[in-house]
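Participant: structural data only, the sequence is not supplied:
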């Protein structure tokens, strides 16, 4: 690791505290089994040697102590089971989330027998990224250099080692994503939407499993029934690295530039077409006329320079387009490619196809390979 990287990491660590360590100096003021036993021993030490405690009475007190301890232990176990099953909210059963589509923040990874669950983060713009990993006591155990990442969503791969390369103990680890888009490093809070595959318990805490990523039940902000027509890969993270196709590509304009290549469409026969581009409000902003001599039977493309019909640049945002032939027939606009990242626009997540640069909505995915 370079000296420059070390200085960056040092400044990140010194400038950020993940959370306050738990103060265990105070506790319950009620009498517990230790207090009961202390009183019993004090009674024995201070008894009148000429009138010692009655043996039967002493035996009864020991029996009472044993019963008290057993009741407290049983009560603690019942509380743990109840809290574990319901999370922090007694009105919620963690198992009820299985199969549902949930949204919440992600900031934990677990290590068990050398196996590490994935982390997750999303960016609104290109940034240099570091991930700080902390143990349950708030101690920094490792720093992961993610390099520079474009806007989108990414999985965090950690090998479960500390900064010295030694394997860490099994348990739950929190992480903080620090991103610098030009104005210094700031903590990034990442929100994930996906289908809950199952529930796992780490200690007494339930976590929702979403494509191998764990979400603390207390961080869930919304939950709905998963759509019945959703593809087999119901969680958006499952699409990363897979090839998908759609007839409804979404065009993103960012800083006045059209992301990806030209607008594609498919023709059964060579003929002229009219391409109409719409904004998110279904308002037509531009049209492109293509003569029949400039088309072929098969795959075609047309260039759009992010200008409206009057020649002015359109606003940054999302757009879609339709294609009609000279005879008035609608033309398909197929797009396919490998999902390289997930882009979030106005709180909605879209699949990003690396080769074409097009975005695809989950509801418009046609095939998944």
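Facilitator: Yep, it's here. Every value quoted in this text rests on a predicted model; they were computed, and no experiment measured them. Numbering: from 1, shown residues only.
Participant: for residue 269, phi and psi?
Facilitator: The phi/psi pair for residue 269 (degrees, to the nearest 10) reads phi -140, psi 160.
Participant: the nearest residue to residue 144 once chain neighbours are set aside: neighbouring residues, count only.
Facilitator: Leaving aside its sequence neighbours, residue 144 sits nearest to residue 131 (C-beta to C-beta, 6 or more residues apart in numbering; 4.1 Å). C-betas here are computed from N, CA, C, even on glycine. Around residue 131 there are 21 other residues, counting by other C-beta atoms under 10 Å.
Participant: quick one, strands of the stretch 51-200 of the chain?
Facilitator: Remark: strands assigned in the stretch 51-200 of the chain by DSSP state E, counting those that start in this stretch are 100-105, 108-112, 115-116, 119-123, 127-134, 140-149, 152-156, 171-180, 185-188, 191-195, 198-202.
Participant: now do the second one: which elements does it pack against?
Facilitator: Same thing as strand 108-112. strand 171-180, strand 213-216 (3 or more C-beta pairs under 8 Å, 6 or more residues apart in numbering; DSSP states H and E).
Participant: now render these as JSON lines, adding distance to residue 274, mean pLDDT and mean neighbour count.
Facilitator: Converted to JSON lines, the helices and strands packed on strand 108-112 look like this (distance: least, C-beta to C-beta, whole Å; pLDDT from 0 to 100; neighbours: other C-beta atoms under 10 Å):
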{"stretch": "strand 171-180", "distance to residue 274": "43", "mean pLDDT": "88", "mean neighbour count": "20"}
{"stretch": "strand 213-216", "distance to residue 274": "44", "mean pLDDT": "80", "mean neighbour count": "22"}
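Participant: next, format the ones you listed as CSV and append distance to residue 306.
Facilitator: Formatted as CSV, these follow (distance: least, C-beta to C-beta, whole Å):
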stretch, distance to residue 306
strand 171-180, 27
strand 213-216, 35
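Participant: which one of the ones you listed lies closest to residue 99?
Facilitator: Closest of those to residue 99 is strand 213-216, at 14.5 Å (criterion: C-beta to C-beta).
Participant: what is that closest one packed up against?
Facilitator: Counting by 3+ C-beta pairs under 8 Å, 6+ apart, strand 213-216 packs on strand 100-105, strand 108-112, strand 191-195, strand 205-210.
Participant: so what's the gap between the third one and the chain middle?
Facilitator: Taking C-alpha atoms, centre = their mean, to the nearest Å, the mean C-alpha location of strand 191-195 is offset from the chain mean by 6 Å.
Participant: let me know the average pLDDT across it.
Facilitator: For strand 191-195, mean pLDDT rounds to 75.
Participant: same thing with the first one?
Facilitator: The average of the pLDDT scores along strand 100-105 is 80.
Participant: contacts for it, please.
Facilitator: 189-196, 208, 210, 215-216, 219-227, 234 (C-beta atoms under 8 Å, 6 or more residues apart in numbering).
Participant: direction included, what does that strand pair against?
Facilitator: strand 191-195 (antiparallel), strand 220-225 (antiparallel) (DSSP bridges).
Participant: which intervals of the stretch 51-200 of the chain have sub-threshold pLDDT?
Facilitator: Along the stretch 51-200 of the chain, segments meeting pLDDT under 70 span 51-92.
Participant: repeat that with 90
Facilitator: 51-128, 135-139, 144-167, 170-176, 178-200 (pLDDT under 90).
Participant: residue 350 versus the closest residue to residue 362 other than its chain neighbours, what's the distance?
Facilitator: Nearest residue to residue 362 in three dimensions, chain neighbours excluded: residue 236, at 6.3 Å (C-beta to C-beta, 6+ apart). Computed as C-beta to C-beta, to the nearest Å, the residue 236 to residue 350 distance reads 9 Å.
Participant: find the residues that touch each one of these two.
Facilitator: In contact with both residue 236 and residue 350: 342, 362, using C-beta under 8 Å, 6+ apart.
Participant: name the nearest residue to residue 225, sequence neighbours excluded.
Facilitator: residue 100 (6.1 Å).
Participant: to clarify, my last question referred to residue 250.
Facilitator: residue 359 (4.0 Å).
Participant: what does that neighbour show for phi and psi?
Facilitator: phi -110, psi 150.
Participant: tally of neighbours for residue 126?
Facilitator: The local packing of residue 126 (other C-beta under 10 Å) involves 14 other residues.
Participant: brain fart, residue 269
Facilitator: Residues near residue 269, counting by other C-beta under 10 Å, number 12.
Participant: am I right that residue 111 is in contact with residue 161?
Facilitator: No - counting by C-beta atoms under 8 Å, residue 111 stays clear of residue 161, with 9.6 Å between them.
Participant: between those two, who's got more neighbours?
Facilitator: For residue 111 versus residue 161, the count of surrounding residues by other C-beta under 10 Å is larger for residue 111: 19 against 15.
Participant: who does the more buried one bridge with?
Facilitator: Bridge pairing for residue 111 - DSSP bridges - gives residue 116, residue 171.
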